[in-house]
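S.K.: Coordinates for the following, if possible.
(one chain, ligands or ions: 1)
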Amino acid sequence: MRLRIRGLTAGWTRVPTVDGVDADVPEGGLTALVGPNGSGKSTLLKTVYRALRPRAGRRLLGEEDLLGLDRREAARRVGVLGQDQGGGFDFTAEEAVALGRVPHTGPFGGLGAADREAVAEALERTGCAAFADRPLSRLSGGERQRVLLARALAQRPRLLVLDEPTNHLDPRHQFAVLELVAGLGTTVLAALHTLDLAAAYADRVVALRAGRVAAAGTPAEVFAPEPLRAVFGLEGTLLADPVTGRPRLLTRPAGAPAAPGGSGTPGRAAHAPRR
Ligand SMILES: Nc1ncnc2c1ncn2[C@@H]1O[C@H](COP(=O)(O)OP(=O)(O)OP(=O)(O)O)[C@@H](O)[C@H]1O
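M.R.: Residues are numbered from 1 along each chain as shown. Modelled structure (predicted):
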């Protein structure tokens, strides 16, 4: 189900943090939300998963305005991995993932066979099955992050909203998590700091700068030299990974001096022959 964000304005003080944002999140694909620190990514995501009420604008999931849904309907449709989740009771990993079914079962509903299957599948797909019985307090930061992702997957939502899903993850699990969410066939909107991962896995990229959309389009469009410099102050080279064929983005600070043996040419492919 696609998400359309229109004229979204929201913030924490009188000055809006996110100002008049229009963005499209196509059905079934991964849209990466990128931007420098403080550009408003988390604020924007919070308005989508209804942790923050916007001052203006609409968020249409399919044809429905998310604001018009009651809490439980919204929770069924939108799965969330936020930045400040996971506190509270010391559930086991499996119990925490089972909470993802509450929007379907109700708080006292008990799990049916379909619910248990959704929980088991989510634990398996995120690599959490091996520590399903361990309390969250005895998991590493990265393991806990994967449990929170599993909880959102167990919900089987129509839209997944992920705020920095690769936080705390080692490189192998960063790839694994993005491979997983990119292949779900669910509509996913994910804030990502690692531009290389956004380039490799996103179908679409929306770049924020100071609360406004500075660029949107395919990874090749948004990570082209001009938007990369304007939004991030970076120069970059987009290459095809020789093994996976996925795009890979090499970045460096704009104007970085060339090292001895470097080509010295911004935007030049790293595998091009040296002069
Ligand atoms: N709960 C809050 N109360 C007050 N101000 C906030 C709150 N959350 C965020 N802000 C402010 O809103 C602005 C945008 O923050 P936000 O977290 O949306 O940015 P971000 O792009 O997600 O940043 P980062 O990349 O650092 O995670 C920042 O100036 C921040 O200080």
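S.K.: Make sure Ala51 is indeed in a helix.
M.R.: No: assigned with DSSP: H, G, I helix; E, B strand; the rest coil, Ala51 falls outside any helix and is coil.
S.K.: Relative to the ligand, how far out is it?
M.R.: Going from Ala51 to the ligand by C-beta to the nearest ligand atom, to the nearest Å gives 10 Å. For glycine as for every other residue, the C-beta is placed from the backbone atoms N, C-alpha and C.
S.K.: Measure how buried that residue is and give me the count.
M.R.: 14 (other C-beta atoms under 10 Å).
S.K.: got it, and Gln155?
M.R.: 24.
S.K.: Can you give me the distance of it to Gly262?
M.R.: Look at Gln155 and Gly262: by C-beta to C-beta, to the nearest Å, they are 48 Å apart.
S.K.: Could you list the residues of this protein in contact with the ligand?
M.R.: Contact residues (C-beta under 6 Å from any ligand atom) of the chain with the ligand: 12, 17, 35, 37-43.
S.K.: Need the pLDDT of Ser263.
M.R.: The model reports Ser263 with a pLDDT of 70.
S.K.: Ok, Leu67 next?
M.R.: pLDDT, Leu67: 84.
S.K.: Can you tell me which of the residues of the chain next to the ligand is closest to Ala98?
M.R.: Relative to Ala98, the closest of the residues of the chain next to the ligand is Ser42; by C-beta to C-beta it sits at 26.5 Å.
S.K.: for whichever helix or strand Asp19 is part of, packing partners?
M.R.: Using DSSP states H and E, Asp19 sits in strand 18-25. Helices and strands touching strand 18-25, by 3 or more C-beta pairs under 8 Å, 6 or more residues apart in numbering; DSSP states H and E, are strand 3-10, strand 30-34, helix 41-48, strand 187-191, strand 204-209, strand 212-217.
S.K.: And for the strand or helix carrying Glu179, what's in contact with it?
M.R.: In the assignment (DSSP H and E), Glu179 maps to helix 171-182. With C-beta atoms under 8 Å, 6 or more residues apart in numbering as the test, helix 171-182 has contacts from 29-30, 125-127, 142, 146, 149, 160, 162, 165-166, 169, 188, 190, 194, 197, 200-203.
S.K.: Could you do stretch 44-60 as well?
M.R.: Under the criterion C-beta under 8 Å, 6+ apart, residues 3-11, 16, 18, 20-21, 23, 33, 43, 65-67, 71, 74, 78, 80, 82, 159, 161, 163, 189, 191, 208 lie in contact with stretch 44-60.
S.K.: same thing with stretch 116-127?
M.R.: Outside stretch 116-127, the residues that reach it (C-beta under 8 Å, 6+ apart) are 93-94, 97-98, 100-101, 111, 128-129, 132, 146-147, 149-151, 153-156, 173, 176-177, 180.
S.K.: List buried residues within those.
M.R.: For the contacts of stretch 116-127, a neighbour count by 16 or more other C-beta atoms under 10 Å gives the buried set as 93-94, 97-98, 100-101, 128-129, 132, 146-147, 149-151, 153-156, 173, 176-177, 180.
S.K.: Output stretch 32-40 as PDB, nothing but the C-alphas.
M.R.: Extracted in PDB, the C-alpha atoms of stretch 32-40 (Å, rounded to 0.1, in the frame of the first residue of the first chain):
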ATOM      1  CA  ALA A  32      15.100   5.600   2.300                       C
ATOM      2  CA  LEU A  33      14.800   8.900   4.200                       C
ATOM      3  CA  VAL A  34      18.300  10.500   4.400                       C
ATOM      4  CA  GLY A  35      19.600  13.800   5.500                       C
ATOM      5  CA  PRO A  36      22.200  15.300   7.900                       C
ATOM      6  CA  ASN A  37      21.800  15.200  11.700                       C
ATOM      7  CA  GLY A  38      18.900  17.300  12.800                       C
ATOM      8  CA  SER A  39      17.300  17.600   9.300                       C
ATOM      9  CA  GLY A  40      14.000  16.200  10.600                       C
END
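S.K.: I'd assumed Val231 was in contact with Ala254.
M.R.: No: counting by C-beta atoms under 8 Å, Ala254 stays clear of Val231, with 11.2 Å between them.
S.K.: Looking at those two, which is more packed in?
M.R.: Neighbours were counted for Ala254 and for Val231 using other C-beta under 10 Å; Val231 has more, 21 against 15.
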